[in-house]
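In: Okay, structure incoming, though there's no sequence with it:
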């Protein structure tokens, strides 16, 4: 990732610089630690890199606690609704994701990378497993595609890639992540 050629946002499959790194789900906590170490190494001044790390699950919870309807946080409303009807609560969460969470993510990313003209940047995403079933990696990449054109996106995925299909936790087929590059393959794993 410190390779200058890889850092260029325009490199990648069909100029779509989104990469997915798959790993066994039981290594989740180890991967989280490795992400911290990785970003510390990449942020060194001589690398001219900047990274924003987003835990999708934590960011979704924070968003739902901040966004309000009729003066009440959506998080609280969803918790109440879940007691009555889990299906309706799921609908409310997905509705909030589609209407407000993606713009929230875009705003956060743009604010973070606002003044990085002299640096190359990575957006590092994890927490995909915790976000299931509310948010899927394929939906996230599809709905944030405008961001992906500006810099490299590295998505850490607890599952595997086999027969051109990503499987969350090794068992659940994800929707088509059609344009994302498999980072494991490029690393020779």
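Out: Received the coordinates, thanks. What you are looking at is a predicted structure, and each value in this text was computed from that prediction instead of being measured.

In: three-state assignment of the closest residue to residue 81 other than its chain neighbours?
Out: Of all residues beyond its chain neighbours, the one nearest residue 81 is residue 89 (4.3 Å), with distances taken as CB to CB, 6 or more residues apart in numbering. (Each C-beta comes from the backbone N, C-alpha and C, glycine too.) What DSSP: H, G, I helix; E, B strand; the rest coil gives for residue 89 is helix.

In: show me the contacts for residue 89.
Out: 78-79, 81-82 (CB atoms under 8 Å, 6 or more residues apart in numbering).

In: beta partners for the closest residue to residue 77 other than its chain neighbours?
Out: Excluding its sequence neighbours, the residue lying closest to residue 77 (CB to CB, 6+ apart) is residue 69, at 6.2 Å. Residue 69 has these beta-bridge partners by DSSP bridges: residue 72.

In: let's have the chain start at 33 instead
Out: Sounds good: first residue 33 from here, last item residue 101.

In: Residue 101: how many residues sit nearby?
Out: 11 (other CB atoms under 10 Å).

In: for residue 97, what are its contacts?
Out: 105-107.

In: redo that, cut-off 7 Å
Out: 105, 107 (CB atoms under 7 Å, 6 or more residues apart in numbering).

In: in a strand, that's where it is, yeah?
Out: No. Looking at residue 97 with three-state DSSP, it is helix, so not inside a strand.

In: how near is it to residue 127?
Out: Distance, residue 97 to residue 127, by CB to CB, to the nearest Å: 16 Å.

In: With residue 73 instead?
Out: Distance of residue 73 to residue 127, computed by CB to CB: 39 Å.

In: all helices of the chain, in order?
Out: Taking DSSP state H as the test, the helices found in the chain are 36-39, 60-74, 88-98, 106-116, 118-128, 134-144, 160-163, 169-175, 177-180, 215-218.
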